[in-house]
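In: take this sequence and fold it.
(one chain, ligands or ions: 2)
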Amino acid sequence: MKLKANDFKLLLEGNIKSFSLNGEEIIVEGIKDNSSEVKNNDIFIAVKGHKADGHDYINYALGNGASLIIAENEDKLPKDKLINYIIVKDIKKATADLVYSLNNISIDDFSIVGVTGTNGKSTSVSLVHHILTESGLNSTLISTVEIKINNQIIKQPRNTTPGILEIAELLKLSSESNSKIINIEVSSHAIDQRRIENLKFDIISYTNITRDHLDYHKNFEDYKKTKLSLMNFLKENGKIIINIDKLNKKDFYSSNKALITYGFDESADYVIKNFEQNIHQVKFTMKTIDNEFVEIVSPLVGKFNIYNIVNAFIIAKLLGIETELIIKAVSSFKGIPGRFQLVPSSKSLGFNCVIDFSHTPDALEQVLSTAASLTDGRIIIVFGAGGNADQGKRKIMGEVVSQKADVIILTNDDPKDEDPQKIIEDVLEGIDQTKQFLVIPDRKTAIEAALSFANKGDIVLITGRGHEQFQLFANGKKVKFNDYEVATKCIETIKRGLRR
Ligand SMILES: CC(=O)N[C@H]1[C@@H](OP(=O)(O)OP(=O)(O)OC[C@H]2O[C@@H](n3ccc(=O)[nH]c3=O)[C@H](O)[C@@H]2O)O[C@H](CO)[C@@H](O)[C@@H]1O[C@H](C)C(=O)N[C@@H](C)C(=O)N[C@H](CCC(=O)O)C(=O)O
Ligand SMILES: Nc1ncnc2c1ncn2[C@@H]1O[C@H](COP(=O)(O)OP(=O)(O)OP(=O)(O)O)[C@@H](O)[C@H]1O
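Out: Ligands and ions are numbered 1, 2, ... in the order given. The predicted structure is shown next:
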């Protein structure tokens, strides 16, 4: 594609501070914001980030063949050569305007569903995607666990919500596959960093807002404000869905037309009733906004998952799916890996082992309460806290676990760049040391210990890392480690020992 100065003026209307375009036309093959990905005739967008400043890589991008530099800071342009550049006031707006226009992506062609909240995003969007595809509709899923168009995996996610250029690429691919419904998880980081620039949501769903990511956000109020600001991206006739048991209606648009509520609270538009569960399934009744009574059976377990199911039900209804189809699809959705995932082989040892991704105080509380309601035996938990993340939540996680578990084994999660011992000490501050507890930093040994302690009827909960495949240590060290696989192997070893 060849673009002239006037084309850029139109595309970046009102955003240009200064520019210098040498020659008649600029050849544009692609748009990149990472210098190492730049190829001949790509535009390089220089972004000042949290770790690095893209402006420092302009020379590198030019060396890779960039045909044009778009940046915010004119002082950082190379002074020793004649280059094509445009200085803009707002780099995120410029990125979104360019990438969507040059790829002919019209946001209005899509129905975009955004799920946000501290916990329950991946489960909710994945279930919506399952309901849509089971009902014969094309759908795109953008989540922490996977990125899929219909049943085809497109790529492994790096973030919960990808950056502007990656979202644009996924919308383009979706369009080519005739998938016009986009289900995307929206993290608070993504809202703050404007990764969702130019998107317009048909539906925005809030699962809950509890403590997390206070390493990034100044305080809880700032975190909540960021989450709530997602409503600015709602289409004019869009809908907001909230869990009324967990969130305050007053924080959301007051217009009853836009807001749909669910919960056990009788005042909700969708009221959950008569819930019962065992380790394999939940069953409940739901009174819908149309006063229908719907019976739901799902292999997902836990009261928190009932919320996720109802959330997905409402989204699917708003997208036009028939109630009967939704009920059928919900009953066949086995969940996503590492979310209250049962390790079936533990059954033969007389106890249940469950892998769960809880890594916030609220998620731990939900999962421990669920486990407690499912057994008269003990709850043995293997848990830790992640590095490079909210340090203040560690003590609270220790307190929650002390209140709800019978045996606590404190271990390493993903320490990342932090000293694992320091993380353990932060969690220990919250642990009730009169409880039965052990500190076993090596995660495999901790899992082995928990599984060896378990008696008939107990539940062993292994939390914090869910589906993750690698344990992350300092200096980028990655060690293959999946909780489900490790637990399965340990159970096999215990069984072999018993047979001898
Ligand atoms: C702190 C943070 O959130 N960073 C995110 C942010 O990166 P950034 O823009 O700040 O990037 P940076 O590394 O400072 O670099 C600045 C610029 O220089 C460029 N650069 C850099 C190096 C180089 O050699 N050449 C070059 O051009 C980079 O491409 C970038 O454009 O924007 C990137 C693109 O969207 C994200 O991938 C990246 O996520 C990092 C990897 C991350 O770990 N983020 C976590 C905190 C996060 O976002 N988590 C949330 C949710 C988690 C949850 O739900 O629990 C998520 O949405 O994933
Ligand atoms: N609705 C909910 N309320 C509270 N806790 C929940 C809820 N749904 C799931 N959880 C807990 O949170 C964990 C992560 O679930 P899920 O992946 O769906 O959430 P998420 O918001 O996408 O988190 P992440 O972005 O970190 O993956 C689960 O393993 C469970 O412990």
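
In: low-confidence ranges in this protein?
Out: Where the chain drops to pLDDT under 70, the residues are 254-257, 500.

In: okay, domains of it per the record?
Out: 2-91, 107-332, 341-499 (automatic domain parsing).

In: number of nearby residues for the residue in the stretch 1-150 of the chain that ligand 1 sits nearest to?
Out: Minimum separation of the stretch 1-150 of the chain from ligand 1 (C-beta to the nearest ligand atom) falls at residue 49, amounting to 2.3 Å. For glycine as for every other residue, the C-beta is placed from the backbone atoms N, C-alpha and C. Neighbourhood size, residue 49 [other C-beta atoms under 10 Å]: 9.

In: where's it relative to residue 433, distance?
Out: Distance of residue 49 to residue 433, given as C-beta to C-beta, to the nearest Å: 42 Å.

In: kindly report the same for residue 398.
Out: To residue 433, residue 398 is 10 Å away according to C-beta to C-beta.

In: the more surrounded of these two?
Out: Ranked by neighbour count (other C-beta under 10 Å), residue 398 and residue 433 place residue 398 first, with 25 against 8.

In: name the element the closest residue to the more buried one other than its chain neighbours belongs to?
Out: Spatial nearest neighbour of residue 398, chain neighbours left out: residue 430 (2.6 Å); criterion: C-beta to C-beta, 6 or more residues apart in numbering. Using DSSP states H and E, residue 430 falls within no helix or strand.

In: i'd like the first residue to be 26 from this point on
Out: Yes, from this point I'll number from 26; that puts the last item at residue 455.

In: make sure residue 455 is actually in contact with residue 428.
Out: No - checked against C-beta atoms under 8 Å, the pair residue 455 and residue 428 is beyond contact range at 9.9 Å.

In: run through the residues of this protein sitting next to ligand 1.
Out: By the rule C-beta under 6 Å from any ligand atom, the part of the chain lying against ligand 1 is 58-61, 72, 74-77, 79, 82, 183-186, 188, 212, 214-215, 218, 220.

In: now with 5 Å?
Out: 58-60, 72, 74-77, 79, 82, 184-186, 188, 212, 214-215 (C-beta under 5 Å from any ligand atom).

In: measure residue 403 to residue 370 for me?
Out: Noted for residue 403: a distance of 20 Å to residue 370, by C-beta to C-beta.

In: equivalent analysis for residue 105, please.
Out: For residue 105, the distance to residue 370 equals 65 Å [C-beta to C-beta].

In: who touches the helix or strand hosting residue 139?
Out: Using DSSP H and E, residue 139 falls within strand 136-141. Applying C-beta atoms under 8 Å, 6 or more residues apart in numbering, the external contacts of strand 136-141 come out as 146, 149-150, 153, 205-213, 216, 221, 224-232, 252, 255, 258, 336, 340, 344.

In: show me which of the residues you listed neighbour ligand 2.
Out: 146, 232.

In: out of the contacts of strand 136-141, which end up buried?
Out: Listed as buried from the contacts of strand 136-141 are 146, 149-150, 153, 205-213, 216, 221, 224, 226-232, 252, 255, 258, 336, 340, 344; burial here means 16 or more other C-beta atoms under 10 Å.

In: ok, which stretches of the stretch 26-175 of the chain are strands?
Out: Assigned by DSSP state E, counting those that start in this stretch, the stretch 26-175 of the chain shows strands spanning 27-28, 41-45, 51-52, 55-57, 67-70, 93-96, 110-113, 136-141, 165-167, 172-174.

In: and the last one, how far from the chain's centre?
Out: So that's strand 172-174. Centre-to-centre, strand 172-174 and its host chain are 14 Å apart (C-alpha atoms, centre = their mean, to the nearest Å).

In: sorry, back to before: count the neighbours of the residue nearest to residue 423 for me.
Out: The local packing of residue 455 (other C-beta under 10 Å) involves 19 other residues.

In: phi and psi next, for it.
Out: Main-chain dihedrals, residue 455, degrees, to the nearest 10: phi -100, psi -10.

In: for ligand 1, what is the nearest residue in the stretch 426-525 of the chain?
Out: Proximity of the stretch 426-525 of the chain to ligand 1 (C-beta to the nearest ligand atom) peaks at residue 441, 9.4 Å away.

In: once you drop chain neighbours, what's closest to that residue?
Out: residue 412 (3.6 Å).

In: tell me the secondary structure at the one you found.
Out: coil (DSSP: H, G, I helix; E, B strand; the rest coil).

In: give me the number of residues near it?
Out: Neighbour count of residue 412, defined by other C-beta under 10 Å: 20.

In: same question for residue 181.
Out: Other residues within reach of residue 181, judged by other C-beta under 10 Å, total 9.

In: would you map the helices across the stretch 326-475 of the chain?
Out: Assigned by DSSP state H, counting those that start in this stretch, the helices in the stretch 326-475 of the chain fall at 328-343, 348-356, 386-399, 417-429, 445-453, 468-478.

In: quickly compare the ones you listed and say which is most buried.
Out: Counting by mean count of other C-beta atoms under 10 Å, helix 328-343 has the highest mean neighbour count of the helices of the stretch 326-475 of the chain, with a mean of 24.

In: contact partners for residue 115?
Out: 40, 97.

In: distance of it from ligand 2?
Out: For residue 115, the distance to ligand 2 equals 28 Å [C-beta to the nearest ligand atom, to the nearest Å].

In: what of residue 158?
Out: Taken as C-beta to the nearest ligand atom, the span from residue 158 to ligand 2 is 18 Å.

In: export stretch 74-93 to CSV, keeping only CA atoms.
Out: The C-alpha trace of stretch 74-93 is given here as CSV (Å, rounded to 0.1, in the frame of the first residue of the first chain):
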residue,chain,number,x,y,z
GLY,A,74,6.0,1.8,28.0
HIS,A,75,6.5,0.6,31.6
LYS,A,76,9.8,-1.1,31.1
ALA,A,77,11.2,0.3,27.9
ASP,A,78,10.8,3.3,25.7
GLY,A,79,10.1,2.5,22.0
HIS,A,80,11.7,5.8,21.1
ASP,A,81,15.1,4.3,22.1
TYR,A,82,14.6,1.6,19.3
ILE,A,83,13.9,3.9,16.4
ASN,A,84,17.3,3.5,14.9
TYR,A,85,16.9,-0.3,15.2
ALA,A,86,13.5,-0.2,13.5
LEU,A,87,15.0,2.0,10.7
GLY,A,88,17.8,-0.5,10.3
ASN,A,89,15.1,-3.2,9.9
GLY,A,90,13.6,-1.2,7.0
ALA,A,91,10.9,0.9,8.7
SER,A,92,9.4,3.3,6.1
LEU,A,93,7.9,5.7,8.7
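
In: in that stretch, what's buried?
Out: For stretch 74-93, a neighbour-count test (16+ other C-beta under 10 Å) marks 79-80, 82-84, 86-87, 89, 91-93 as buried.

In: over to stretch 113-125?
Out: Using 16+ other C-beta under 10 Å as the test for burial, stretch 113-125 gives 113, 115-125.

In: just name the closest of the residues you listed to residue 248, please.
Out: residue 117 (20.2 Å; C-beta to C-beta).

In: ok, the closest one touching residue 217?
Out: No - with contacts counted by C-beta under 8 Å, residue 117 stays clear of residue 217, the gap being 10.9 Å.

In: against ligand 2, how distant is residue 56?
Out: To ligand 2, residue 56 is 27 Å away according to C-beta to the nearest ligand atom.

In: understood, closing this out.
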